[in-house]
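K.L.:
what's the 3D shape of this:
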Amino acid sequence: MQSIVFEEANWLNLMKHYLVRNAENRDLLKVVHDICGLNAQGALTVNLSLWNRIESFDRRSLEDALYESRTLVKTWCMRGTVHIIPSIDLPIYIQALRENLMIHWQRFLRRKQKTLSKIERSKIKDRILKLLSEQTLTRREICEFLDMKSSEGKILVSRLLRELSYEGMVCHAKPIGPWYHFREYRFARIDYWLPDLCLESISPEEAKRKLLTWYLSSYGPASIQDFAYWTGFTVKEAKHILDSLEDGIVQVRINGLKGEFWLFERDFKLLEEKFSSYFSIHLLPPFDPLIMGYKDKTRILNPIYKRMVLLPLGDIAATILMNGRVIGTWKYRKGKKTPKFEVKLFKTLDNDEVELIKLEINRMSRFLEVERPEVKIYVVNQV
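P.N.:
Presented below is the predicted three-dimensional model:
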């Protein structure tokens with residue numbers, strides 16, 4: 001069994017995530033596929049994840065791919081969270097994740113509400129699908145059409161839309177609001193939004209194998225626990241999927257980390273190309289895919305700072321990544337008069353490194369169409 005060190009594992013992940021060598025705008029679909037989708041909890045998160053990975057990223061190309069050519073699609077996906085993935089990949093994600101998502105969803109419903117009968121839920125879902133056969137609609141508009149405008153009715157419609165998404169029937173359509181802050185989402189029927197797509201073109205078993213293959217291509221070396229965390233599978237099921245894979249993956253050790261890790265044998269050739277020295281700084285947004293890809297984040301985050309990155313209520317801070325390690329967090333506030341960037345560093349950096357962070361802030365400011373932001377950088381005490 002071969003061994004690699006932290007730095008090699010992190011460099012490989014940075015390479016696979018286009019954070020050492022950026023892609024070009026024309027490679028948008030390839031980037032989203034190669035990193036196994038974009039976390040899409042917020043408009044800025046998506047745009048800044050791509051801004052970090054694509055040279056001179058043009059946000060209009062993302063909007064076109066999502067809402068005009070529809071080569072990308074936004075829907076609830078891994079762990080029941082909103083992601084953007086290539087439309088052509090949607091059958092794999094739906095077939096691989098649907099059963100597990102629905103199991104967790106039914107458990108959630110039993111905890112949170114008096115569950116309607118299956119017949120009652122089906123009737124309301126059929127009415128929602130009929131409405132969406134004519135146009136894309138927001139949740140508010142659906143509630144008005146169904147005369148379900150009470151608080152309970154709005155909650156029920158929201159939950160049924162999510163359930164329909166898990167089942168592969170509904171996806172997100174063009175939202176209402178500016179590109180950097182969506183006020184309300186619209187929803188569409190997948191069979192109308194992507195009429196040429198056949199979700200049943202692959203079996204669940206084959207889809208799970210394909211998903212693990214994609215995951216290891218993007219996040220390897222990774223553990224079975226990492227894959228289970230990323231997908232929401234149980235570790236037992238994740239191991240079963242691994243056992244069903246064909247040759248091509250190998251087991252490795254990462255010096256300094258406990259556990260068993262897997263990657264594709266071909267990735268060792270990439271490691272042979274690794275520069276003897278390299279330097280990179282990135283300002284990653286909240287919920288960036290690289291941060292969300294592992295259960296054990298020790299390889300990228302010193303555990304003593306865990307609570308400054310993994311926030312209450314499942315929130316994730318925006319992070320500063322230096323050579324694949326989280327060295328601090330950052331926040332951006334638009335402000336009424338002066339936009340502000342606040343940077344909290346976990347350690348003292350030299351002047352050149354601080355200047356590189358400032359350059360990244362200036363570069364991001366231009367992308368955000370912000371002029372002369374106020375920048376505050378300081379070192380926090382250990383927590």
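K.L.:
Tyr18: neighbour count?
P.N.:
Using other C-beta atoms under 10 Å, Tyr18 has 20 other residues around it. Glycine gets a C-beta too; all of them are placed from N, C-alpha and C.
K.L.:
scratch that, Asp247
P.N.:
Asp247: 6 neighbours (other C-beta under 10 Å).
K.L.:
would Ser201 count as being in a strand?
P.N.:
No - applying DSSP: H, G, I helix; E, B strand; the rest coil, one finds Ser201 to be coil, outside a strand.
K.L.:
quick one: it from Lys274, how far?
P.N.:
In this structure, Ser201 and Lys274 are 38 Å apart, going by C-beta to C-beta, to the nearest Å.
K.L.:
And Ile124, by the same measure?
P.N.:
Ile124 sits at a distance of 55 Å from Lys274 (criterion: C-beta to C-beta).
K.L.:
Compare Ser201 and Lys274 and say which is more crowded by neighbours.
P.N.:
Legend: neighbour count by other C-beta under 10 Å for Ser201 and Lys274, higher for Lys274 (14 against 11).
K.L.:
Tell me if the more buried one really is in a helix.
P.N.:
No - counting by three-state DSSP, Lys274 is not found in a helix; it is coil.
K.L.:
Just the pLDDT at the closest residue to Ser203 other than its chain neighbours, thanks.
P.N.:
Distances taken as C-beta to C-beta, 6 or more residues apart in numbering place Gln95 nearest to Ser203, at 6.9 Å, with adjacent residues excluded. pLDDT recorded at Gln95 is 97.
K.L.:
repeat for the one 3 residues further on
P.N.:
The score at Arg98 is 96. That number is its pLDDT.
K.L.:
From Gly37, how far out is it?
P.N.:
Using C-beta to C-beta, Arg98 is found at 16 Å from Gly37.
K.L.:
Between these two, which is the more surrounded one?
P.N.:
Gly37 (23 against 17).
K.L.:
show me the contacts for the nearest residue to Ser3 once chain neighbours are set aside.
P.N.:
Using C-beta to C-beta, 6+ apart and skipping the chain neighbours, the partner closest in space to Ser3 is Arg253 (4.3 Å). Contacts for Arg253 (C-beta atoms under 8 Å, 6 or more residues apart in numbering) come out as Met1, Gln2, Ser3, Ile4, Phe261.
K.L.:
Pairing partners for the fourth one in the sheet, please.
P.N.:
Going by DSSP bridges, Ile4 is paired in beta bridges with Ile254.
K.L.:
number of nearby residues for it?
P.N.:
Residues near Ile4, counting by other C-beta under 10 Å, number 19.
K.L.:
List of residues touching the helix ranked longest in the chain?
P.N.:
For the chain, the helix with the greatest residue count under DSSP state H is helix 90-112. Residues outside helix 90-112 that contact it (C-beta under 8 Å, 6+ apart): 37, 73, 75-78, 80, 85, 115, 159, 162-163, 166-168, 190, 194, 197-204, 206-208, 210-211, 214, 231-233, 237.
K.L.:
do the same with stretch 266-283
P.N.:
By C-beta under 8 Å, 6+ apart, stretch 266-283 touches 2, 4, 8, 11-12, 14-15, 19-20, 48, 52, 220-221, 248, 318-324, 330, 353, 356-357, 360-361, 364.
K.L.:
Just the buried ones from those residues?
P.N.:
Listed as buried from the contacts of stretch 266-283 are 4, 8, 11-12, 14-15, 19-20, 48, 52, 220-221, 318-324, 330, 357, 360-361, 364; burial here means 16 or more other C-beta atoms under 10 Å.
K.L.:
out of those, which are inside strands?
P.N.:
Cross-referencing the buried ones among the contacts of stretch 266-283 against strands under DSSP state E gives Ile4, Ala318, Thr319, Ile320, Leu321, Met322, Trp330.
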